[in-house]
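S.K.: Give the three-dimensional model of this entry:
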Amino acid sequence: VKDSEVRVQVCSWQFDWLTGTMWVFKSASDSGGHPHLFSLNGHKGRQTWEYDPNAGTPEQRAKVEQLRAAYTANRHKQHHSADELLRLQCADRIAAKKYSPPREPITDGEIPSAEGVEQHLKGAISFYECLQQDDGHFPGDYGGPMFLMPGLIIALYTTSVLDKVLSPEAQREMVRYLYNHQNEDGGFGLHIEGASTMFGTALSYVTLRLLGEDADRPEVVQARNWIHSRGGATYITSWGKFWLSVLGVYSWNGQNPTPPEMWLLPYNKWTGIGMLHPGRYWCHCRMVYLPMSYIYGLRGTCKETALTAAIRAELYPMPYDTIDWNAARNQIAKEDLYYPHPLIQDILWWSLYQAEGLLLGSRLRKAALKECMKHIHYEDENTRYVDIGPVNKVINMLCCWFEDPDSLAFKKHLPRVHDYLWVAEDGMKMQGYNGSQLWDTSFAVQAMLDSGLVDVAANALKKAHNYIEQSQVVQEADPPLSAYYRHISKGAWPFSTRDHGWPISDCTSEGFKAALGLAALQNPDLVGEGLSLERLEQAVEVILSYQNRDGGMATYENTRSFHALEIINPAETFGDIVVDYSYVECTSACVTALTAFQKLHPGTKLSSRIKSCLDKAESFIRRIQRPDGSWYGSWGVCFTYGTWFGVTALASGGATAANDESVRKACSFLVERQRLDGGWGESYLSCQDKVTGSWAYASPSKYEELCGLVRM
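M.R.: Predicted structure coming up:
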């Protein structure tokens, strides 16, 4: 589409904003020396965006508007943004990069020469180096879910700090983002590629209204009609019911109980009931339902305003005071129902619902709320108020405010809100984490080392090495770990930043492999000093600790209870969230990391334990391979991703298509699904449906999947 055509095709809501606005990306910023912001390593990896009305030239501002308009014109075909604003900020460096790829296209059937391939690699490394930040990490957008930002806006509105935390320009960009990701039927999805759901639509509608959008605006009316045509907001999922209850536009009586008393249950296995203790849940599940249970137990609700009263009237096609809230507890729109409640769950919730009248305000309830806040404060302090993810970060912040609106804890939460916000040509979004800095940097290092062009990549590698070294967890969370249900973390790497600090099996393994690869060069002048053997062995200890009884590795912690505990999963939208499972991706990352360590440091005190771990892990990976040769990937899309990891693990032990049946089956699976353009592609629906079908033809080839498969 030509630029002139783009400007004609943009939606009416965008015209108000064609004034040339500039957002500036900041790396490792302390937000001007904010008094309530603290860090373990000088904020390395911290990603924030700041609005600067004086930034940029007139040409650059015009370019920003062109990029925004182009995205909007194509938003229903290409849902993902391309980080164009970040790249625009790096434009001068990109223009001055040392190497460029060959200009001549490769014709069909042509086999590139070795010199040509090297030229392409040099051009790619030079481009990527231009995006690297001074602290060594590679920044990028980690957005996608549509249910994150609404919780933030509801929390900020409830605590009366919306305008203090978010500037008018930030709020405008959030509105831009929501309109850009409104589906053609007027609704909003669970994520930006998804079909409309009540969860996505009702929360996005509320967010637009709280951000100042008029109820009569056509796009808002369209969203409201979508909600009404499906029975109204009583059909939202349980997480949505929670947020609407907090805002005061849905009754707490229409919520299935989330009793804080569950945190007072005994934890020990011998008690039997200890296997149900929330300390045994997957950490993301545990850390979300912890503050949720506090808010539920307290009935924390926003003070009514004219706006909340209006929203309450708008969300339902019937008078609010006629709603049967007991029936509403289990009303879920068919578009949202991914994990239906089993009968035993309905019986459990009904029983707790009947008991709630006795618990509310009781001594037991007060003791439970106190226990919840003890764990909430621990999580906040040990993550520097970043918290494990965006959902619990926002609810933890809300808990601190309900406990004491003038508390230091609440004030420490506010500057960390910006760690989760990202600006691109589609607007401002809330990310699914505070970034993927360590993860992306580790893979970048491994790719550059694999290219063999260390001299070309030396500057980028040295800076990345510093980031990896600075991001390793070098001290445990506050003791005693067992009292707060925390896994060991000393020696591990997180997904994003050291300040976040939660250890993860595959992030530890990928950071570890990058550190090993750099140390193996034995050239500190070129790429920096390698990590000491002591720190490497600490990482090995953490990796070994992740192995479960089945031989596989889970994510943040070991599997702590029975898989059957999933029967009490109350989140209708998400499956397999109650306990931590062993995954092919996590297991493969650990296998390749331990194998690399054995090759570089044979005969250490850990060698026998490593061998035993590798044997069990290999058996697990072979056992979970599907009959068609694939592996189901849980942390990427999906069978292509899982198969990459499965084969990589086996290959690290010497397996090839020539000598191993599992590898042959995997290769056959991939070859049969290669696209005509030579690449591989896969729809997110294969994650949801867990079947392969014709998934390989559902989307264009994906670069990251192609790179992974080539490395096999």
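S.K.: pLDDT averaged over stretch 346-364 - what is it?
M.R.: For stretch 346-364, mean pLDDT is 95.
S.K.: got a list of contacts for it?
M.R.: 256-257, 259, 261, 264, 297, 299, 326, 329-330, 341, 365, 568, 570 (Cβ atoms under 8 Å, 6 or more residues apart in numbering). No exception for glycine: its C-beta is placed from N, CA and C like everyone else's.
S.K.: mind running it again at 10 Å?
M.R.: Residues outside stretch 346-364 that contact it (Cβ atoms under 10 Å, 6 or more residues apart in numbering): 238, 252-253, 255-262, 264, 296-299, 326, 329-330, 340-342, 365, 368, 567-568, 570.
S.K.: what's the burial count for residue 474?
M.R.: 16 (other Cβ atoms under 10 Å).
S.K.: does it sit in a helix, a strand or a coil?
M.R.: Going by DSSP: H, G, I helix; E, B strand; the rest coil, the secondary structure assigned to residue 474 is coil.
S.K.: So it sits against residue 491, correct?
M.R.: Yes. Between residue 474 and residue 491 there is a contact at 7.9 Å, judged by Cβ atoms under 10 Å.
S.K.: so what's in contact with those two at the same time?
M.R.: Residues touching both residue 474 and residue 491 by Cβ under 10 Å, 6+ apart: 535, 538.
S.K.: counting residues per helix, which one in this structure is longest?
M.R.: Counting by DSSP state H, the longest helix found in the chain is helix 363-382.
S.K.: Give me the buried positions along that one.
M.R.: By neighbour count with 16 or more other Cβ atoms under 10 Å, helix 363-382 contains the buried residues 365, 368-369, 371-373, 375-380, 382.
S.K.: counting contacts, what elements does whichever helix or strand comes after it pack onto?
M.R.: Using DSSP states H and E, the helix or strand that follows helix 363-382 in sequence is helix 390-403. Applying 3 or more Cβ pairs under 10 Å, 6 or more residues apart in numbering; DSSP states H and E, we find helix 390-403 packed against helix 148-158, helix 238-247, helix 283-298, helix 363-382, helix 408-416, strand 427-430.
S.K.: Residue 536: which of the ones you listed is closest?
M.R.: helix 363-382 (24.2 Å; Cβ to Cβ).
S.K.: roughly how far is that closest one from the heart of the chain?
M.R.: The chain centre lies 25 Å from the centre of helix 363-382; the measure is Cα atoms, centre = their mean, to the nearest Å.
S.K.: Could you tell me the angle between that helix and helix 283-298?
M.R.: Going by axes from the mean of the first three to the mean of the last three Cα atoms, to 10 degrees, helix 363-382 is angled at 140 degrees with respect to helix 283-298.
S.K.: going forward, begin numbering at 191 instead of 1
M.R.: Got it, the first residue is 191 from now on, which makes the last one we talked about helix 553-572.
S.K.: Quick check, central residue of this protein?
M.R.: Taking Cα atoms, centre = their mean as the criterion, residue 622 is the residue nearest the geometric centre of the chain, at 3.2 Å.
S.K.: for it, helix, strand, or coil?
M.R.: On the three-state scheme (three-state DSSP), residue 622 is labelled coil.
S.K.: Report the buried residues of stretch 414-427.
M.R.: For stretch 414-427, by 16+ other Cβ under 10 Å, it's 414, 416-417, 420, 422-427.
S.K.: what about it, distance to the chain center?
M.R.: 27 Å.
S.K.: now do stretch 340-350
M.R.: With Cα atoms, centre = their mean, you get 20 Å for stretch 340-350.
S.K.: Let's have the buried residues of stretch 414-427 in JSON lines, adding pLDDT and secondary structure.
M.R.: As requested, the buried residues of stretch 414-427 are exported to JSON lines (pLDDT from 0 to 100; DSSP: H, G, I helix; E, B strand; the rest coil):
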{"residue": "414", "pLDDT": "98", "secondary structure": "helix"}
{"residue": "416", "pLDDT": "98", "secondary structure": "helix"}
{"residue": "417", "pLDDT": "98", "secondary structure": "helix"}
{"residue": "420", "pLDDT": "98", "secondary structure": "coil"}
{"residue": "422", "pLDDT": "98", "secondary structure": "coil"}
{"residue": "423", "pLDDT": "98", "secondary structure": "helix"}
{"residue": "424", "pLDDT": "98", "secondary structure": "helix"}
{"residue": "425", "pLDDT": "98", "secondary structure": "helix"}
{"residue": "426", "pLDDT": "98", "secondary structure": "coil"}
{"residue": "427", "pLDDT": "97", "secondary structure": "coil"}
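S.K.: any idea which of the residues you listed is closest to residue 300?
M.R.: residue 416 (50.6 Å).
S.K.: In contact with the residue nearest to residue 440 when sequence neighbours are not counted, which residues?
M.R.: Nearest non-adjacent residue to residue 440, counting by Cβ to Cβ, 6 or more residues apart in numbering: residue 434, 3.5 Å away. Applying Cβ under 10 Å, 6+ apart to residue 434 gives the contacts 340, 344, 392-393, 396, 423-424, 426, 440-441, 444-445, 501-502, 505.
S.K.: what about the strands in the stretch 241-390 of the chain?
M.R.: Counting by DSSP state E, counting those that start in this stretch, one finds strands in the stretch 241-390 of the chain at the ranges 378-379, 386-387.
S.K.: where in this structure is pLDDT low?
M.R.: 191-211, 883-902 (pLDDT under 70).
S.K.: give me the number of residues near residue 503?
M.R.: By other Cβ under 10 Å, neighbour count at residue 503 equals 12.
S.K.: and it, what element?
M.R.: Counting by DSSP H and E, residue 503 is part of helix 496-504.
S.K.: Dump that helix to CSV, keeping only the CA atoms.
M.R.: Below are the C-alpha coordinates for helix 496-504, written out as CSV (Å, rounded to 0.1, in the frame of the first residue of the first chain):
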residue,chain,number,x,y,z
ALA,A,496,-20.3,8.4,38.3
LEU,A,497,-18.1,6.6,35.7
THR,A,498,-18.2,3.2,37.5
ALA,A,499,-22.0,3.6,38.0
ALA,A,500,-22.4,4.3,34.2
ILE,A,501,-20.2,1.3,33.3
ARG,A,502,-22.2,-1.0,35.6
ALA,A,503,-25.3,0.0,33.8
GLU,A,504,-23.7,-0.5,30.3
